[in-house]
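**Q** Mind looking at a prediction? Sequence and model below.
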Amino acid sequence: MDILIPADKIRQRVGELASQVAADYAGRPVTIVGVLTGCLMFLADLVRHLDLPLRIGLIQASSYRGERTTPGDLHIDPALLPDVRGRHILLLDDILDTGRTLAALCEHLRRVGVASLKVGVLLRKVGRQVVPFEPDYCGFEIPDAFVVGYGLDYNDEHRHLPDILILPGPSEDGETRRQGDKETRTQKEK
Ligand code: IMP
Ligand code: MG
């Protein structure tokens, strides 16, 4: 797989984002809420730069199912979320693609009654958003390709890779891959 963003660039950029976060919160307590599972590396690396009164919470949201790389129905599971009412929240996700996940999560957290809400994403895909959404912190803008590594997966694989890599296009065995607007389905899914 081709490397899109090497590990050292990610490390440097996460450090820069942490400086922005630290300056913005300026000693105020913050609860970082990571969107499972893709946020894991980003969250772990970011928080270790932050010298703030800090809590960590997790929330699960999934829209990509199994071997498909196209969004399916969004499911939010707040079972792992601590009581965030009245807290200052920084919601962290790996990637902003269509924007549906983060828009829905923000709505969920606002309904719960948080004191303030900011959003940080490591990656933002250019030209893919269908929901207007502006993150407060963004690591990198990337082209419209399916990427894996540094927490991002394809069918739950590749999350452990230290770089961000481009998943190759459709293979002869008919796996589902997005190609511009065209979608192909596996025989299994038909
Ligand atoms: P959205 O709701 O379309 O913005 O989708 C956001 C979620 O889709 C992210 O949290 C990822 O889990 C997943 N996703 C979107 N694009 C990619 C990608 O290129 N690689 C891996 N996961 C992706
Ligand atoms: Mg995700």
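**A** The structure has been received and is ready for your questions. Ligands and ions are numbered 1, 2, ... in the order given.
**Q** Can you tell me the element the residue most central in space within the chain falls in?
**A** The centroid of the chain falls nearest to residue 94 when counting by Cα atoms, centre = their mean (2.1 Å). Using DSSP states H and E, residue 94 sits in strand 88-96.
**Q** so what strands line up beside that strand?
**A** Strands adjacent to strand 88-96 in the sheet, as given by DSSP bridges, are strand 30-36 (parallel), strand 116-125 (parallel).
**Q** thought the residue nearest to the centre of the chain was touching residue 45?
**A** No: in this structure, residue 94 is not within contact of residue 45 by Cβ atoms under 8 Å, at 11.9 Å. Using the backbone N, CA and C atoms, a C-beta is placed for each residue, glycine as well.
**Q** For this structure, give me the ranges with low pLDDT.
**A** 64-72, 170-190 (pLDDT under 70).
**Q** Show me which residues of the longest helix along the chain are buried.
**A** Longest helix of the chain, by residue count under DSSP state H: helix 7-25. Buried residues in helix 7-25, counting neighbours by 16 or more other Cβ atoms under 10 Å, are found at 10, 14, 17-18, 21, 25.
**Q** go on, stretch 39-57?
**A** By neighbour count on 16+ other Cβ under 10 Å, the buried set for stretch 39-57 is 39-43, 45-47, 50, 52, 57.
**Q** Specify which member of those residues is nearest to residue 88.
**A** residue 52 (10.0 Å; Cβ to Cβ).
**Q** residues in contact with the closest one?
**A** 21-22, 25, 27-30 (Cβ atoms under 8 Å, 6 or more residues apart in numbering).
**Q** Would you mind listing what in this protein touches ligand 1?
**A** 35, 38, 63-64, 71, 93-101, 146-148, 152-153 (Cβ under 6 Å from any ligand atom).
**Q** Would you mind writing the PyMOL command to select the buried ones in the residues you listed?
**A** This is the PyMOL syntax for the buried subset of the residues of the chain next to ligand 1, where burial follows 16+ other Cβ under 10 Å:
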select buried, resi 35+38+63+64+71+93+94+95+96+97+98+99+100+101+146+147+148+152+153
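**Q** got a list of what the residue nearest to residue 87 when sequence neighbours are not counted touches?
**A** Leaving aside its sequence neighbours, residue 87 sits nearest to residue 31 (Cβ to Cβ, 6 or more residues apart in numbering; 4.6 Å). Each residue near residue 31 by Cβ under 8 Å, 6+ apart is listed here: 54-57, 82, 84, 87-90.
**Q** can you check residue 162 too?
**A** 7, 10, 149-150.
**Q** Which of those residues sits closest to ligand 1?
**A** Lowest distance from ligand 1 to the contacts of residue 162 (Cβ to the nearest ligand atom) belongs to residue 149, with 9.1 Å.
**Q** hmm, back to that, contacts for the longest helix of the chain, please.
**A** 30, 42, 45-46, 49-52, 88, 90, 118, 120, 122, 136-137, 139-140, 150, 162-164.
**Q** Can you list the residue ranges for helices in the chain?
**A** Taking DSSP H, the helices of the chain run over residues 7-25, 40-47, 100-112.
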